[in-house]
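Undergrad: coordinates for the following, if possible.
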Amino acid sequence: MDVERLKNEVCESVDALTEELLRISHEIHANPELAFEERHAVATLTEALVASGLDVDTGAYGLETAFATEFGQGEAGCVALLAEYDALPLIGHACGHNVIATASVGAGLALARLADRLPGRVRVLGTPAEEHGCGKELMAREGAFEGVDAAMMIHPAGVNLATMPCIAMAEVDVTFHGQSAHAAASPERGVNALDALVLAYQAIAQLRQHIRSGERVHGIITDGGQAPNIVPVRAAGRFYVRAPNFKKLAPLKERIEACFHAGAKATGADVDVQWGGADYRDIHYNDPLAKAFQANAEKLGREFFPFEKLPPSFSGSTDLGNVSYRVPSIHPMLASAPSHCIIHNPEFEKWAGSEMGDSAALDGAKALAMTVLDYLADADLRRRSHDFFDVQLPK
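TA: Residues are numbered from 1 along each chain as shown. Purely as a prediction, here's the structure:
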């Protein structure tokens with residue numbers, strides 16, 4: 001098999017699909033949807049896949065806004081291409097998920113044109129709720145990665161990186177219930193739920209002095225009462241708790257929960273602590289696959305920033321981490337904005353819909369497609385990636 005010839009073909013296919021792929025990216029970018037609500041994005045992406053002749057399952061693996069399609073018949077294994085498409089409240093696609101979705105689906109469309117010549121299979125998965133809800137973990141529990149041998153996706157950033165610096169994260173919603181009363185006429189009859197939440201918030205703020213440098217806790221108040229002259233009967237907040245890895249996350253969660261119960265005990269309020277249905281794991285980085293991707297992206301003119309020179313604070317969390325504990329996975333980052341521009345801010349949202357974001361989507365589609373071909377055609381790469389996964393997987 002002439003792999004380089006096939007790589008040229010998939011790159012030519014992405015070039016031929018440029019107008020359609022950029023339409024998809026801009027359509028998703030212009031219509032941001034929150035986690036579990038990404039119906040327009042799913043329709044946009046699946047219509048393109050169906051138009052290419054693929055059978056697509058929607059509502060896949062237990063999630064309404066998930067989808068899946070698979071093609072190829074070879075014996076070299078199955079590679080999953082993962083598309084994300086949820087947005088952030090108020091600032092839309094400031095994480096550039098329109099770029100991610102376009103790159104993965106674009107790679108899938110290009111590879112589908114080679115379906116009868118592929119030495120293995122490709123599964124394109126639409127994975128909702130990355131920003132909130134840990135959608136990939138929920139899908140994994142329903143079998144989304146059964147029969148998958150490797151998983152790949154890209155992420156936009158301000159620089160090109162072989163992998164995303166990733167730490168573990170847990171989501172928690174906390175609600176305090178008190179007793180309503182007139183704040184002026186009879187405050188002694190009230191139990192202030194907001195006071196309980198503020199005390200818990202302050203306890204967490206004090207705890208930050210005594211947690212490890214790689215640990216993070218941040219939260220917001222989502223309900224602080226309805227009127228100043230009514231003792232708040234209900235107060236609520238949402239917090240993210242992060243640690244360098246999955247094992248270190250559990251004890252930090254216990255310390256944070258103790259802060260919530262302390263606020264309740266101090267005020268007499270009741271507290272309901274609801275941890276997310278799934279925690280986000282750190283990424284189990286697969287070096288052989290990441291190097292293959294980097295080599296392909298460099299052929300497209302991309303220059304990669306040395307991972308070891310990143311500042312220690314440069315990190316985030318993603319549910320691709322959960323996938324990476326199941327199968328060899330990569331999560332490289334492609335520059336979609338200037339280096340000073342960090343994801344999750346309004347400026348990055350603008351870049352995600354710009355020519356620089358477009359370039360990342362197209363280069364991402366090409367580099368992903370070429371790396372899939374490398375994996376399926378190269379038995380040694382498959383062996384090395386699985387050996388690395390087995391040896392380096394945290395126990």
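Undergrad: now for the residue lying closest to Arg302 once chain neighbours are set aside, how many residues are close by?
TA: Nearest non-adjacent residue to Arg302, counting by Cβ to Cβ, 6 or more residues apart in numbering: Asn160, 4.9 Å away. No exception for glycine: its C-beta is placed from N, CA and C like everyone else's. Asn160 is flanked by 20 other residues according to other Cβ atoms under 10 Å.
Undergrad: could you do Val172 as well?
TA: Val172 has 19 neighbours, counted by other Cβ under 10 Å.
Undergrad: could you check how far it is from His218?
TA: As judged by Cβ to Cβ, to the nearest Å, Val172 and His218 stand 11 Å apart.
Undergrad: who touches both of those two?
TA: Phe239, Tyr240 (Cβ atoms under 8 Å, 6 or more residues apart in numbering).
Undergrad: where's the residue nearest to Arg302 relative to Glu355, distance?
TA: Applying Cβ to Cβ to Asn160 and Glu355 gives a distance of 17 Å.
Undergrad: for stretch 202-220, give the mean pLDDT please.
TA: For stretch 202-220, the mean pLDDT works out to 94.
Undergrad: and Asp282, which helix or strand is it part of?
TA: According to DSSP states H and E, Asp282 maps onto no helix or strand at all.
Undergrad: let me see the contact set for it.
TA: By Cβ under 8 Å, 6+ apart, the contact set of Asp282 is Cys166, Ile167, Ala168, Pro244, Asn245, Phe246, Ser317, Gly321.
Undergrad: pipe those residues into JSON lines and attach secondary structure, neighbour count and distance to Ile230 per row.
TA: Below are the contacts of Asp282 laid out as JSON lines (DSSP: H, G, I helix; E, B strand; the rest coil; neighbours: other Cβ atoms under 10 Å; distance: Cβ to Cβ, whole Å):
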{"residue": "Cys166", "secondary structure": "strand", "neighbour count": "24", "distance to Ile230": "43"}
{"residue": "Ile167", "secondary structure": "coil", "neighbour count": "23", "distance to Ile230": "40"}
{"residue": "Ala168", "secondary structure": "strand", "neighbour count": "24", "distance to Ile230": "40"}
{"residue": "Pro244", "secondary structure": "coil", "neighbour count": "17", "distance to Ile230": "43"}
{"residue": "Asn245", "secondary structure": "coil", "neighbour count": "16", "distance to Ile230": "44"}
{"residue": "Phe246", "secondary structure": "helix", "neighbour count": "20", "distance to Ile230": "42"}
{"residue": "Ser317", "secondary structure": "coil", "neighbour count": "24", "distance to Ile230": "37"}
{"residue": "Gly321", "secondary structure": "helix", "neighbour count": "27", "distance to Ile230": "43"}
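Undergrad: and the residues you listed as CSV, adding distance to Gly190 and pLDDT?
TA: What follows is these, written out as CSV (distance: Cβ to Cβ, whole Å; pLDDT from 0 to 100):
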residue, distance to Gly190, pLDDT
Cys166, 44, 92
Ile167, 40, 94
Ala168, 39, 96
Pro244, 42, 94
Asn245, 43, 93
Phe246, 41, 91
Ser317, 38, 94
Gly321, 44, 96
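Undergrad: okay, those in CSV with distance to Asp387 next?
TA: As requested, the contacts of Asp282 are exported to CSV (distance: Cβ to Cβ, whole Å):
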residue, distance to Asp387
Cys166, 22
Ile167, 25
Ala168, 24
Pro244, 25
Asn245, 21
Phe246, 22
Ser317, 27
Gly321, 21
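Undergrad: quick one: which of these is nearest Ala144?
TA: Ranked by distance to Ala144 (Cβ to Cβ), the contacts of Asp282 are led by Gly321 at 15.0 Å.
Undergrad: which residues does the closest one contact?
TA: When contacts are counted by Cβ under 8 Å, 6+ apart, Gly321 is found next to Cys166, Ala168, Tyr280, Arg281, Asp282, Ile283, His284.
Undergrad: quick one: which two of these are the most distant?
TA: For these, the farthest-apart pair by Cβ to Cβ is Tyr280 and His284; their separation is 12.7 Å.
Undergrad: settle it for me: which of these two has more neighbours?
TA: Each of Tyr280 and His284 has its neighbours counted (other Cβ under 10 Å); Tyr280 has more, 27 against 23.
Undergrad: look up the closest residue to the more buried one, ignoring the ones flanking it.
TA: Met169 is the one closest to Tyr280 (Cβ to Cβ, 6+ apart), at 4.2 Å.
Undergrad: my read: Gly133 touches Asp279, true?
TA: No: between Gly133 and Asp279 there is no contact, the gap being 11.6 Å when judged by Cβ atoms under 8 Å.
Undergrad: joint contacts of the two?
TA: The contact sets of Gly133 and Asp279 overlap at Glu171 (Cβ under 8 Å, 6+ apart).
Undergrad: circling back: quick check, nearest of the contacts of Gly321 to Ala129?
TA: Using Cβ to Cβ, those come closest to Ala129 at Tyr280, 11.3 Å.
Undergrad: please list all residues in contact with the closest one.
TA: Tyr280 sits next to Cys134, Glu137, Ala168, Met169, Ala170, Ser317, Thr318, Asp319, Gly321, Asn322 when contact means Cβ under 8 Å, 6+ apart.
Undergrad: show me the two of these that sit farthest apart.
TA: Going by Cβ to Cβ, the pair spanning the contacts of Tyr280 furthest: Ala170 and Thr318, at 13.6 Å.
Undergrad: about what we covered before: helices or strands next to the helix or strand where the residue nearest to Tyr280 lies in the packing?
TA: Per DSSP H and E, Met169 falls inside strand 168-177. Contact here means 3 or more Cβ pairs under 8 Å, 6 or more residues apart in numbering; DSSP states H and E; on that basis strand 168-177 packs against helix 193-207, strand 234-243, helix 246-267, strand 270-275.
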